[in-house]
Structure formats: structure tokens, C-alpha cells
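From the sequence below, what's the structure:
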Amino acid sequence: MTATQRLGFSEHAPEIYRALLRLHQAATKNVDPRLADLVMIRASQINRCAFCIDMHTADARKAGEREERISLLNAWQEVDRLYTERERAALALTEAMTVLTDGFVPDEVFRQAARHFDQDELAELIGLIATINTWNRVNVAARTAPASIR
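Numbering: from 1, shown residues only. Next up, the predicted model:
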């Protein structure tokens, strides 16, 4: 069963949509595009946002990302050699910020990210994770259909 789109968000909230686009541009401006794709895919997997998974996996493929890194991203902790330590730190932070089951990001996750990113990079990564989570929530609520199945 394919869910029917509930709401055309960009049509009914154009100011918010444009603001989110500007936020996304700012959040991705200084983050390595390959890392940004991995982060956006992983958050979207957790949030079950088909629209964003479809978009960001297609973007990653176009950027030359290897298929096994995309297909195994939901099990990144099980495949040590497939992702760099820096990517693993970013993915751990992505998961901690996306799930927030304990109501906070664990200190060890933050420390690990801080070992691999300077403070400016870390702030930008946090902004990217927050932004993709916002997009996920908008698209899941609106049931925005993935472009590949429209």
C-alpha cells in the first residue's frame, strides 16, 4: 500500500518552506557533501522518511558514493571498515540527536564527535542533523511521496 500525500507543505506554508530551504543551504554549506549525504540518509532511515531516503540516496549515488556504503548504512556499527572514524562519529551523533530516547545526547557520543570535528565543524554538523530531522518530520507528517515512485 502506498500512502496518499496528505498535504502539499510548500504550497500551504510557503514562507516556512522557503525558510527551511535557506536553513538547509546554510546547514550543508560547509559540511563535506559525502558526509552530509550519509548523515541525511541515516537520520531519514531512523525517522522512516521515504521521501528523504529516496532523495538523499539518489544524491549520494550521483556524487559517487559506493552502493555498499549506502545499503549498509542502517547497520553502520556492524561494518567497521566501511566507514571512517570521522564518519562513524558523525553517524553516532546523528543517531543520538535523532532518537533522543534518554532526552539528551550522551557525553561520550559528543566527545567522540568533538575528537573528529573542530568546534565550527561540530556546530555545522549539529545544524545539519537538526535540519534533516525537521525535513523528515515535515515530510512524514505530510506523507510526501518519494520522487522515484510518483
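
ok now do A96, which residues does it touch?
V105, P106, V109, F110 (CB atoms under 8 Å, 6 or more residues apart in numbering). C-beta: built from backbone N, CA, C; applies to glycine.

Can you identify each of the helices in this protein by residue range?
Ranges of helices within the chain are 9-12, 14-28, 33-46, 50-62, 67-71, 85-99, 107-116, 119-142, based on DSSP state H.

For L38, see how far away V138 is.
Applying CB to CB, to the nearest Å, the value for V138 to L38 is 21 Å.

So for those two, which sits in the more crowded spot?
Each of V138 and L38 has its neighbours counted (other CB atoms under 10 Å); L38 has more, 24 against 20.

A26 versus P146, what's the distance?
Taken as CB to CB, the span from P146 to A26 is 25 Å.

Over to V39?
For V39, the distance to A26 - CB to CB - is 15 Å.

Now list the buried members of the contacts of A96.
V105, V109, F110 (16 or more other CB atoms under 10 Å).

thought T4 was touching A142?
No. The pair T4 and A142 does not pass the contact test of CB atoms under 8 Å, sitting 10.7 Å apart.

More neighbours: these two, which one.
Taking other CB under 10 Å, T4 and A142 do not tie; A142 has more neighbours (17 against 7).
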